[in-house]
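Student: What follows is a protein structure lacking sequence information:
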């Protein structure tokens, strides 16, 4: 399948998951990129017809990735090539950015990473499908490091979006833990391999979800690196195979967080069993290879775009 992907090059972001996904598409399909940070990008070259001419490329599908990163494109509505849009972080305060992009450019099909996003898009009349986050298992993987850190909590602390993450850090700070990694963005950032190494050194990784209970990358990355995931509940957990006490542990409130940290640090065999099962779930069902295959099947079925 020949795919033109519109959007910014995100390989230098502190969180590279977006670019990992787009690169995984390129590994499977014949892909060209256009947008800020990519070859041939120019603010004087924004019309899709001119872009295709410069690239000397006629795609089977045009895939735009997040409206805020490709709202510059002109002429999409007039082109007959099937158009697909990927929505990420679709919340009431930015609905209009994505909705306008989808409507104005006559997008044929939309993917969203969370079911609450899919439901909202469908209610507005858009053809929308669930395509959850995936993890690059060639990067996020067990690397043989000694797990000498009890607990890791590394995430962005933005109270209006993630109501409990500051409290999570306060609880961990108050506990007498061995070799605890406490890093919170933006005060402290762990980048690239440093972040992967920290996951691989940690026995438990704690995650807090946003106000809409969205499932995020923090469900996948710790499990892929062999740590036990200790998380608040997310809406999409069950449909993606996450089960409390089987392949992750769910806590409800700060007292429960403290209690479960103590319990699972003291019960090594129980903790390791959950971590191993979580690792199997993520690597077998939630790798980027799985996601690209799911995307390809949906495009074939819904838009009759065959995988050549």
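Tutor: Okay, I see it. Remember, predicted model here, so these are calculated numbers, not experimental data.

Student: Any stretches of the stretch 201-308 of the chain with poor pLDDT?
Tutor: 306-308 (pLDDT under 70).

Student: Which parts of the chain belong to which domain?
Tutor: Residue ranges of the domains in the chain are recorded as 2-134+287-303, 149-285, according to automatic domain parsing.

Student: among those domains, which is nearest residue 141?
Tutor: Residue 141 lies closest, by C-beta to C-beta, to one member of those: domain 149-285, at 6.2 Å. To be clear about C-beta, it is placed using only N, CA and C from the backbone, and glycine gets the same treatment.

Student: Now do the end-to-end distance for that closest one.
Tutor: When the termini of domain 149-285 are compared using C-alpha to C-alpha, to the nearest Å, they are 27 Å apart.

Student: Tell me where the stretch 201-308 of the chain has strands.
Tutor: 202-207, 228-231, 249-250 (DSSP state E, counting those that start in this stretch).

Student: any chance of the ones you listed in a markdown table, plus distance to residue 219 and mean neighbour count?
Tutor: Listed next are the strands of the stretch 201-308 of the chain as a markdown table, based on distance: least, C-beta to C-beta, whole Å; neighbours: other C-beta atoms under 10 Å:
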| stretch | distance to residue 219 | mean neighbour count |
| --- | --- | --- |
| strand 202-207 | 7 | 26 |
| strand 228-231 | 6 | 25 |
| strand 249-250 | 11 | 20 |
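
Student: Pipe the domains of the chain into CSV and attach distance to residue 141 per row.
Tutor: Output for those, formatted as CSV (distance: least, C-beta to C-beta, whole Å):
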stretch, distance to residue 141
domain 2-134+287-303, 10
domain 149-285, 6
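
Student: Residue 142 is nearest to which of those domains?
Tutor: domain 149-285 (4.1 Å).

Student: re earlier: who wins for proximity to residue 140 among the domains of the chain?
Tutor: Nearest to residue 140 among the domains of the chain is domain 149-285; the distance by C-beta to C-beta comes to 3.9 Å.

Student: ok, residue 37 touching residue 7?
Tutor: No: applying C-beta atoms under 8 Å as the test, residue 37 and residue 7 come out as separate, 9.4 Å apart.

Student: Between those two, tell me which one has more neighbours.
Tutor: Using other C-beta atoms under 10 Å, the more surrounded residue of residue 37 and residue 7 is residue 7, with 24 against 14.

Student: what separates the more buried one from residue 172, distance-wise?
Tutor: Separation of residue 7 from residue 172 (C-beta to C-beta, to the nearest Å): 36 Å.

Student: And for residue 290?
Tutor: 32 Å.

Student: Of these two, which one has the most company?
Tutor: Ranked by neighbour count (other C-beta under 10 Å), residue 290 and residue 172 place residue 172 first, with 21 against 18.

Student: what residues are up against the more buried one?
Tutor: 151, 153, 180, 182, 206, 261 (C-beta atoms under 8 Å, 6 or more residues apart in numbering).

Student: Which strand or helix spans it?
Tutor: Element membership of residue 172 [criterion: DSSP states H and E] is helix 165-174.

Student: Give me the angle between that helix and strand 202-207.
Tutor: 150 degrees (axes from the mean of the first three to the mean of the last three C-alpha atoms, to 10 degrees).

Student: Buried residues, helix 165-174. List them.
Tutor: 165, 168, 169, 171, 172 (16 or more other C-beta atoms under 10 Å).
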